[in-house]
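**Student:** Have a look at this prediction, sequence included:
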Amino acid sequence: MLLLGALLLLLALPSYGQDTMQGPPLPKGACTGWMAGIPGHPGHNGTPGRDGRDGTPGEKGEKGDPGLIGPKGDTGETGITGIEGPRGFPGVPGRKGEPGESAYVYRSAFSVGLESRVTVPNVPIRFTKIFYNQQNHYDGTTGKFLCNIPGLYYFSYHITVYLKDVKVSLYKNDKALLFTHDQFQNQNVDQASGSVLLYLEKGDQVWLQVYEGENHNGVYADNVHDSTFTGFLLYHNIE
Ligand SMILES: [Ca+2]
């Protein structure tokens with residue numbers, strides 16, 4: 001072992017002696033006899049560096065295209081009622097109506113006569129012999145016709161004149177409208193008559209009455225002589 005160590009030492013000593021003979025290395029350039037070495041190979045790439053700092057904000061971009069139309073919204077509240085519109089045009093005339101009821105409600109007629117001669121002048125003559133008085137618009141207790149239906153009426157009277165002259169008037173509401181005068185001739189039987197159209201309102205009254213007293217009260221009737229009073233509605237007031 002010691003032998004091997006000594007051998008290695010001997011081998012090493014000559015090289016050491018050469019380095020010591022050349023002396024320490026001199027600075028570059030100081031020696032004109034120095035020659036540059038061959039350039040080394042490029043080193044390997046280093047690891048990537050850290051991220052840089054954030055840049056400053058860029059300029060504002062152009063306006064984009066409009067978006068898609070959204071879904072339909074909820075129904076709003078009811079608005080305030082508007083003002084009334086103008087009047088419309090007249091409508092088409094309606095159909096012709098059905099026939100009305102019977103004209104019974106427009107009936108008014110009477111025909112009456114005396115049962116005996118009149119003895120009291122200047123009061124309504126009471127005709128109590130009833131030929132027709134279905135509506136009872138004539139009142140035998142007063143001798144007056146009472147208008148129940150407004151309209152145009154026809155009245156007529158035929159008086160048998162006997163024993164005295166006759167002056168008789170047709171009255172409407174206490175006013176004499178029609179005058180008839182017949183002079184009696186002895187041994188004769190005369191007649192007096194009259195007729196008239198009158199427009200009556202409901203409530204109007206019509207009757208016959210002797211005027212100018214007892215000497216003109218020859219209105220007569222018996223079993224074979226009649227004095228009559230007739231009236232009827234010609235047409236009712238349709239207004
Ligand atoms: Ca006469």
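**Tutor:** Thanks, I have the structure now.
**Student:** beta partners for the closest residue to the ion within the chain?
**Tutor:** Nearest residue of the chain to the ion (CB to the ion) works out as residue 190 at 3.7 Å. C-beta here means a position set from N, CA and C on the backbone, and glycine is covered the same way. Beta-bridge partners recorded for residue 190 (DSSP bridges): residue 161.
**Student:** residue contacts, it?
**Tutor:** 160, 161, 162, 166, 182, 183, 184 (CB atoms under 8 Å, 6 or more residues apart in numbering).
**Student:** out of these, what pair is the most spread apart?
**Tutor:** 160 and 183 (14.2 Å; CB to CB).
**Student:** And the two? Which one has more around it.
**Tutor:** In this view residue 160 and residue 183 are compared by other CB atoms under 10 Å, and residue 160 has more residues nearby, 23 against 13.
**Student:** so what's that one up against?
**Tutor:** Taking CB under 8 Å, 6+ apart as the test, what residue 160 contacts is 189, 190, 191, 219, 220, 221, 225, 226, 227.
**Student:** Of these, which is the most crowded?
**Tutor:** Going by other CB under 10 Å, residue 227 tops those with 28 neighbours.
**Student:** Near residue 77, how many other residues are there?
**Tutor:** Residue 77 has 4 nearby residues by other CB under 10 Å.
**Student:** Let me know the helix or strand that it is in.
**Tutor:** Assessed by DSSP states H and E, residue 77 sits outside every helix and strand.
**Student:** how close does it get to residue 187?
**Tutor:** 106 Å (CB to CB, to the nearest Å).
**Student:** same question, residue 86
**Tutor:** In terms of CB to CB, residue 86 sits 86 Å off from residue 187.
**Student:** Next one: the residue of the chain closest to the ion from residue 109, what distance?
**Tutor:** When residue 190 is compared with residue 109 (using CB to CB), they lie 28 Å apart.
**Student:** What of residue 74?
**Tutor:** Counting by CB to CB, the separation of residue 74 from residue 109 is 77 Å.
**Student:** Between those two, which has more neighbouring residues?
**Tutor:** residue 109 (17 against 4).
**Student:** pretty sure the more buried one contacts residue 233?
**Tutor:** Yes - the criterion here is CB atoms under 8 Å, and residue 109 meets it with residue 233 at 6.6 Å.
**Student:** For residue 198, which three-state class applies?
**Tutor:** strand (DSSP: H, G, I helix; E, B strand; the rest coil).
**Student:** Which residue is the nearest non-sequential neighbour of it?
**Tutor:** residue 153 (5.3 Å; CB to CB, 6 or more residues apart in numbering).
**Student:** Which strand or helix spans the one you found?
**Tutor:** Under the assignment here (DSSP H and E), residue 153 is part of strand 151-172.
**Student:** buried residues in that strand?
**Tutor:** Going by neighbour count (16 or more other CB atoms under 10 Å), the buried part of strand 151-172 is 151, 153, 155, 157, 159-162, 164-172.
**Student:** burial count for residue 140?
**Tutor:** 15.
**Student:** Can you tell me, leaving aside adjacent residues, what's nearest to it?
**Tutor:** residue 128 (4.9 Å).
**Student:** Spit out the contact partners of that neighbour.
**Tutor:** Contacts of residue 128 (CB under 8 Å, 6+ apart): 112, 114, 115, 140.
**Student:** Return the closest of the residues you listed with respect to residue 213.
**Tutor:** Taking those together and measuring to residue 213 by CB to CB, the closest member is residue 114, at 19.0 Å.
**Student:** contacting residues for the residue lying closest to the closest one once chain neighbours are set aside?
**Tutor:** By the measure of CB to CB, 6+ apart, the closest residue to residue 114 outside its immediate chain neighbours is residue 221, 3.6 Å from it. Residues in contact with residue 221, defined by CB under 8 Å, 6+ apart, are 113, 114, 115, 116, 117, 129, 160, 227.
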